[in-house]
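In: Structure of the sequence below:
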Amino acid sequence: QVHLVESGGGLVQAGGSLRLSCTASGRVFMIYDMGWFRQAPGKEREFVAAIRWSGSSTSYADSVKGRFTISRDNGKNTVYLQTNSLKPEDTAVYYCAAGRPLDMTNRGAYDYSGQGTQVTVSS
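Out: From the prediction side, this is the model:
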């Protein structure tokens with residue numbers, strides 16, 4: 001079992017930055033691929049970014065490429081999402097997920113998910 005806790009969300013003006021963190025319990029964090037997803041009000045949860053367990057491969061949604069960066073520190077059981085040049089359309093609850101998905105963009109392929117952290121970007 002893996003328990004995930006997100007943090008780092010908040011209210012920021014357009015153009016600003018936030019660093020989201022997701023810390024996992026358990027000793028097996030390092031074998032899981034990690035993903036970030038987000039859900040805006042009235043919309044489906046969507047893929048944002050993901051990173052393989054080794055950190056050797058990352059994937060990003062087109063909407064965040066060049067602005068967001070995913071990274072991980074297996075020694076701290078933590079995955080990060082650095083969000084820069086934020087836009088009002090980035091406003092959502094951001095969730096992290098853990099699993100061994102073949103397709104890192106498929107949220108249904110992950111085994112565990114956290115409770116989320118709210119990101120609000122004002123114009």
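In: sec struct for Gly66, please.
Out: What DSSP: H, G, I helix; E, B strand; the rest coil gives for Gly66 is coil.
In: Distance of it relative to Thr117?
Out: Gly66 is 22 Å from Thr117, where distance means C-beta to C-beta, to the nearest Å. C-beta here means a position set from N, CA and C on the backbone, and glycine is covered the same way.
In: Which one of those two is surrounded by more residues?
Out: Thr117 (22 against 9; other C-beta atoms under 10 Å).
In: Identify the residues contacting the nearest residue to that one once chain neighbours are set aside.
Out: Sequence neighbours aside, Gly9 is the residue nearest to Thr117 in space, at 3.4 Å (criterion: C-beta to C-beta, 6 or more residues apart in numbering). Neighbour list for Gly9: Leu18, Leu20, Val93, Tyr94, Thr117, Gln118, Val119, Thr120 [criterion: C-beta atoms under 8 Å, 6 or more residues apart in numbering].
In: Would you mind writing the PyMOL command to select the buried ones in those?
Out: If you want just the buried ones from these in PyMOL, going by 16 or more other C-beta atoms under 10 Å, the selection is:
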select buried, resi 18+20+93+94+117+119
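In: Show me the contacts of Gly9 that map onto strands.
Out: Leu18, Leu20, Val93, Tyr94, Thr117, Gln118, Val119, Thr120 (DSSP state E).
In: can I assume the last one is in contact with Gly10?
Out: Right, the one you point to is Thr120. Yes. Here Thr120 lies in contact with Gly10, judged by C-beta atoms under 8 Å, at a distance of 7.3 Å.
In: returning to that earlier point: export the ones in strands among the contacts of Gly9 to TSV and tack on distance to Ala61 and pLDDT?
Out: Output for these, formatted as TSV (distance: C-beta to C-beta, whole Å; pLDDT from 0 to 100):
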residue	distance to Ala61	pLDDT
Leu18	17	98
Leu20	15	98
Val93	16	98
Tyr94	12	98
Thr117	18	98
Gln118	19	98
Val119	15	98
Thr120	19	98
